[in-house]
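Chemist: Have a look at this fold, sequence not included:
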């Protein structure tokens with residue numbers, strides 16, 4: 001059977017360009033672009049659509065001047081083809097009344113690409129006996145019950161919620177269009193932060209702190225709304241946890257914790273990092289002089305003593321406890337380098353995709369009786385374990401024999417279900433820790449020092465969701481080199497006006513060796529594919545197929 005990927009992944013550059021052009025000419029068209037940013041194939045088009053939405057949401061006009069200036073300010077103008085390419089988007093004056101047709105073309109091409117990529121990965125996963133991956137990938141292309149062929153939304157199972165968590169959900173779910181998955185993640189993170197270092201597992205190696213990454217389209221999935229409810233809950237409980245909105249440097253982060261510890265004369269120091277967009281953290285960490293931020297935050301996740309060494313002295317923050325709530329847009333995640341994911345923080349984060357819900361035009365208030373019940377439960381839980389903590393350094397949580405057997409079986413299934421997927425396995429590096437942390441919170445809320453099998457079963461349901469989420473968010477990384485190479489080649493030809501000398505193209509791809517370059521071209525060239533080649537004198541010219 002021929003390899004469908006050899007023909008190239010389907011997309012419509014003209015439809016993508018026309019959508020962007022219509023928006024530049026008439027900003028009202030944005031309301032009709034009911035696409036995910038990643039439905040566009042070209043990264044340059046993804047970046048432009050995301051920027052246009054950002055400008056529009058901020059109340060700014062979206063035109064050649066504002067878009068060009070925003071890209072210039074961010075140093076990203078050339079990456080999308082330069083000012084001349086943006087100006088060319090309005091060539092031919094694409095018609096406003098045709099935009100719904102353009103949108104459907106792009107949507108259909110995106111569905112075809114997902115099906116082709118997922119189909120290939122399903123075949124490979126099934127051949128390897130990796131049925132967990134098969135199930136997760138199948139869900140990506142399975143039609144929804146409404147028959148529209150949309151991807152099924154991943155939801156955290158009801159059985160993963162503890163009783164207090166269910167009450168929290170009931171208290172807030174009708175007041176916002178934030179994803180239910182986000183409410184779960186926020187509750188679990190806040191409950192763990194409330195406990196702090198008062199409970200631990202495995203001789204202090206694991207504490208109930210979570211790094212939660214809420215994944216969803218900006219302005220649609222309401223990541224920020226869910227996180228604000230978390231802050232409100234933390235304040236109501238009265239837990240001594242510092243809510244930090246930014247980290248400028250590793251030394252500054254350590255100094256902040258050490259200073260607070262000294263001022264409060266506390267044995268412990270607990271903080272919760274809040275990043276509305278995780279991109280800001282990664283971008284900052286990629287700058288010269290700030291690259292130690294991610295290692296320091298990764299160190300903080302492990303609740304280690306943090307050492308700060310600066311000119312003229314040093315400082316240390318002892319007995320630290322750090323949790324994190326952060327947001328991420330899907331199009332940003334698909335553009336992450338694998339080094340960003342494998343740099344230590346990637347597998348410490350629980351990546352939580354959220355479903356888009358209908359916006360609320362009239363928001364009812366929080367159900368106060370239920371909210372107060374949650375606050376009381378977490379406050380009393382904190383007081384209970386803090387009382388124990390006053391008598392000894394911390395309470396060691398243990399697994400019951402039944403839970404221990406269940407945990408061993410989960411570890412084996414996790415190894416089996418990530419076989420053959422190096423990046424997914426890397427991101428699952430702390431999945432067993434996530435499982436223990438979740439079960440530890442559930443046991444602690446019930447004020448028992450033993451994690452029973454039923455606590456662990458709930459935690460495993462959550463972690464099975466996390467594994468499916470990893471495949472849903474990062475599955476194309478299995479094809480990342482092929483897909484990224486094709487996209488980059490097409491973008492370079494597009495930026496050159498639709499035709500480029502083959503040798504010039506190769507020079508623009510220094511990371512691709514000659515053999516890989518020619519193999520990629522052979523797969524992409526053909527009447528039914530992206531590119532056609534034509535010999536002109538001594539040169540080989542490459543043309544985009546329109």
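Modeler: Thanks, I have it. This is a predicted model, so every value here is computed, not measured.

Chemist: Low-confidence bits of the stretch 201-350 of the chain, can you list those?
Modeler: 204, 218-221, 264-267, 286-291, 305-315, 317, 331, 334-340, 342-343 (pLDDT under 70).

Chemist: Residue 223: what's it in contact with?
Modeler: Neighbouring residues of residue 223 by C-beta atoms under 8 Å, 6 or more residues apart in numbering: 178, 182, 214, 216, 276, 327, 354. For glycine as for every other residue, the C-beta is placed from the backbone atoms N, C-alpha and C.

Chemist: Please spell out which residues along the longest helix that the chain contains are buried.
Modeler: The longest helix of the chain (DSSP state H) is helix 99-127. Of all the residues in helix 99-127, those buried under the rule 16 or more other C-beta atoms under 10 Å are 99, 102-103, 105-107, 109-111, 113-118, 120-122, 124-125.

Chemist: Over to stretch 12-19?
Modeler: Buried residues in stretch 12-19 (16+ other C-beta under 10 Å): 12, 13, 15, 16, 17, 18, 19.

Chemist: same check, this time on stretch 163-177
Modeler: 164, 165, 167, 168, 169, 171, 172, 175, 176, 177.

Chemist: Please identify which helix or strand holds the second one.
Modeler: To tie it back to what came earlier, the one meant is residue 165. Assigned by DSSP states H and E, residue 165 belongs to helix 163-172.

Chemist: Quick check: next helix or strand after that helix?
Modeler: Per DSSP H and E, helix 163-172 leads on to helix 180-195 as the next helix or strand towards the C-terminus.

Chemist: chain center to that following helix: distance?
Modeler: 17 Å (C-alpha atoms, centre = their mean, to the nearest Å).

Chemist: so what secondary structure elements neighbour that helix?
Modeler: helix 163-172, strand 211-215, helix 223-237, strand 269-275, strand 320-328, strand 349-353, helix 368-391, helix 431-445 (3 or more C-beta pairs under 8 Å, 6 or more residues apart in numbering; DSSP states H and E).

Chemist: Could you find the closest non-adjacent residue to residue 271?
Modeler: Once flanking residues are discounted, residue 271 sits nearest to residue 242: 4.3 Å by C-beta to C-beta, 6 or more residues apart in numbering.

Chemist: wait, what's in contact with the one you found?
Modeler: Contacts of residue 242 by C-beta under 8 Å, 6+ apart are 260, 269, 270, 271, 272.

Chemist: Check the gap between the last one and residue 517 for me.
Modeler: For residue 272, the distance to residue 517 under the criterion C-beta to C-beta, to the nearest Å works out to 47 Å.

Chemist: The two: which has the busier surroundings?
Modeler: Neighbours were counted for residue 272 and for residue 517 using other C-beta atoms under 10 Å; residue 272 has more, 24 against 17.

Chemist: OK, contacts around the more buried one?
Modeler: Residue 272 neighbours (C-beta under 8 Å, 6+ apart): 189, 190, 193, 234, 241, 242, 243, 244, 322, 323, 324, 325.

Chemist: nearest to residue 63, of these?
Modeler: Distance to residue 63, by C-beta to C-beta, is smallest for residue 325 among the contacts of residue 272, at 35.2 Å.

Chemist: what's the closest non-adjacent residue to that closest one?
Modeler: That would be residue 227: by C-beta to C-beta, 6+ apart, it lies 4.9 Å from residue 325.

Chemist: For that neighbour, give its distance to residue 399.
Modeler: 31 Å.

Chemist: Can you report how many residues lie near residue 155?
Modeler: 15.

Chemist: wouldn't residue 241 be in contact with residue 270 here?
Modeler: Yes - using C-beta atoms under 8 Å, residue 241 is in contact with residue 270, at 4.6 Å.

Chemist: if I look at these two, which residues touch both of them?
Modeler: Joint contacts of residue 241 and residue 270 (C-beta under 8 Å, 6+ apart) are 193, 196, 323.

Chemist: What about these, which one has the most neighbours?
Modeler: Most neighbours among the shared contacts of residue 241 and residue 270, by other C-beta under 10 Å: residue 193, with 30 neighbours.

Chemist: residues in contact with it?
Modeler: 209, 234, 239, 241, 270, 272, 321, 323.

Chemist: Let's see that with 10 Å instead.
Modeler: 208-210, 230, 233-234, 237, 239-241, 243, 270-272, 321-325, 378, 382, 441 (C-beta atoms under 10 Å, 6 or more residues apart in numbering).

Chemist: Please tell me how far it sits from residue 230.
Modeler: Per C-beta to C-beta, residue 193 is found 9 Å from residue 230.

Chemist: do residue 377 as well
Modeler: In terms of C-beta to C-beta, residue 377 sits 15 Å off from residue 230.

Chemist: More neighbours: these two, which one.
Modeler: residue 230 (25 against 19).

Chemist: List the residues that contact that one.
Modeler: 168, 182-183, 185-191, 193, 212, 243, 272, 274, 325.

Chemist: what do you get for residue 55?
Modeler: Counting by C-beta under 10 Å, 6+ apart, residue 55 has contacts 27, 30, 61, 62, 63, 66, 67, 69, 70.

Chemist: Where do the strands of the stretch 401-546 of the chain begin and end?
Modeler: With DSSP state E, counting those that start in this stretch as the criterion, the stretch 401-546 of the chain has strands at 450-451, 499-501, 531-536, 539-544.

Chemist: most tightly surrounded among these?
Modeler: Greatest average neighbour count among the strands of the stretch 401-546 of the chain goes to strand 450-451 (a mean of 19), per mean count of other C-beta atoms under 10 Å.

Chemist: where does the stretch 1-150 of the chain dip in pLDDT?
Modeler: 1-8, 93-94, 96, 120-121, 124-150.

Chemist: can you tell me which two in the contacts of residue 242 are farthest apart?
Modeler: It's 260 and 272 that sit farthest apart of the contacts of residue 242, by C-beta to C-beta, at 12.8 Å.

Chemist: shared neighbours of the two, which are they?
Modeler: 242, 244.

Chemist: Quick one: neighbours of residue 61, just the number.
Modeler: Neighbours around residue 61, by other C-beta under 10 Å: 11.

Chemist: That one - nearest residue in space that isn't next to it in sequence?
Modeler: Closest to residue 61 by C-beta to C-beta, 6+ apart is residue 27, at 6.6 Å.

Chemist: And residue 411, by the same measure?
Modeler: residue 432 is the one closest to residue 411 (C-beta to C-beta, 6+ apart), at 5.7 Å.

Chemist: Can you name the residues that contact the one you found?
Modeler: Counting by C-beta under 10 Å, 6+ apart, residue 432 has contacts 206, 407, 410, 411, 414, 463.

Chemist: Quick check: helices, which of those are part of them?
Modeler: Among the contacts of residue 432, the members falling in helices (DSSP H) are 407, 410, 411, 414, 463.

Chemist: The second one reaches residue 460, doesn't it?
Modeler: What that stands for is residue 410. Yes - when contacts are counted by C-beta atoms under 10 Å, residue 410 is listed as touching residue 460 (5.3 Å).

Chemist: got any residues that touch both of the two?
Modeler: By C-beta under 10 Å, 6+ apart, the residues touching both residue 410 and residue 460 are residue 435.
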